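Chemist: sequence and predicted structure below; questions after.
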Amino acid sequence: MRRADEDDFQAFVAERMDRWRRSAYLLCQDWHTADDVVSVAVAKLYRNWRRVNRAENREAYAQRVLTRCWLDERRRPWHSREQSWAAVPDPAGVTPETVTDRDGLAALLRSLAPKQRAVLVLRFYLDYSVEETARMLGITTGTVKSQSARGLANLRTAVGGQFQTGGTR
């Protein structure tokens, strides 16, 4: 890779690393696995940097790679046998309320099927459109809409109807 491309790649990754880690965590519910998924995604982006650079939307392309890496990770045979039990310490300055909120959200997301979780994270946490989400996951826009509706319905059921239903975006 040329030096200019290398610098461009490093800047691209540095700007987005925190967001990728958070979105990977929301998908897989484990910081260690999230870091692994992000590492694999960054390696794939590096190998295909020319193609990434030519993409219409580099951010969407990268998020698609990250989401696909997580879905691939879910399919691995050892995934169902091996679990990380070590607790990662919370960063300084985190209040008990935010920990409770985050843990509650994590538990709710964990209760969803992986594809529903991926659709909801991409649509409502990362703010991608229906079309962008469909392209990233390799599914139709109708499937994105139905998975969004089902996932939100499952979340509403899980929280006992505490929130108003305003439809989906």
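Modeler: Now that the structure is in, tell me what you want to look at.

Chemist: packing partners of the lengthiest helix in the chain?
Modeler: Using DSSP state H, we find that the single longest helix of the chain is helix 3-28. Counting by 3 or more Cβ pairs under 8 Å, 6 or more residues apart in numbering; DSSP states H and E, the packing neighbours recorded for helix 3-28 are helix 31-47, helix 49-54, helix 58-75, helix 114-120. Any C-beta I mention is one placed from the backbone N, CA and C, and that applies to glycine too.

Chemist: now do the contacts for Arg135.
Modeler: By Cβ atoms under 8 Å, 6 or more residues apart in numbering, the contact list for Arg135 reads Ala60, Arg64.

Chemist: make residue 1 into 12 and carry on from there
Modeler: Sure thing, new numbering starts at 12, so read that last one as Arg146.

Chemist: Arg65 versus that one, what's the distance?
Modeler: 16 Å (Cβ to Cβ, to the nearest Å).

Chemist: ditto for Thr144
Modeler: Distance from Thr144 to Arg65, by Cβ to Cβ: 22 Å.

Chemist: higher neighbour count, the two?
Modeler: Thr144 (28 against 9; other Cβ atoms under 10 Å).

Chemist: how is this structure partitioned into domains?
Modeler: Annotated domains of the chain cover 12-88, 107-171 [automatic domain parsing].

Chemist: and these as JSON lines, adding mean pLDDT?
Modeler: Formatted as JSON lines, the domains of the chain follow (pLDDT from 0 to 100):
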{"stretch": "domain 12-88", "mean pLDDT": "90"}
{"stretch": "domain 107-171", "mean pLDDT": "84"}
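
Chemist: what's the burial count for Leu116?
Modeler: So Leu116, with other Cβ under 10 Å, has 13 neighbours.

Chemist: which strand or helix spans it?
Modeler: Using DSSP states H and E, Leu116 maps to helix 107-121.

Chemist: on that earlier part again, and Ala15, which of the helices and strands packed on helix 14-39 is closest to it?
Modeler: helix 60-65 (10.6 Å; Cβ to Cβ).

Chemist: what distance separates that closest one from the centre of its chain?
Modeler: 21 Å (Cα atoms, centre = their mean, to the nearest Å).

Chemist: alpha carbons only: can I get that helix in CSV?
Modeler: The C-alpha trace of helix 60-65 is given here as CSV (Å, rounded to 0.1, in the frame of the first residue of the first chain):
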residue,chain,number,x,y,z
TRP,A,60,-8.6,-0.5,1.1
ARG,A,61,-8.6,0.4,-2.6
ARG,A,62,-12.2,-1.0,-2.9
VAL,A,63,-13.2,0.7,0.3
ASN,A,64,-11.8,4.0,-1.0
ARG,A,65,-13.8,3.7,-4.2
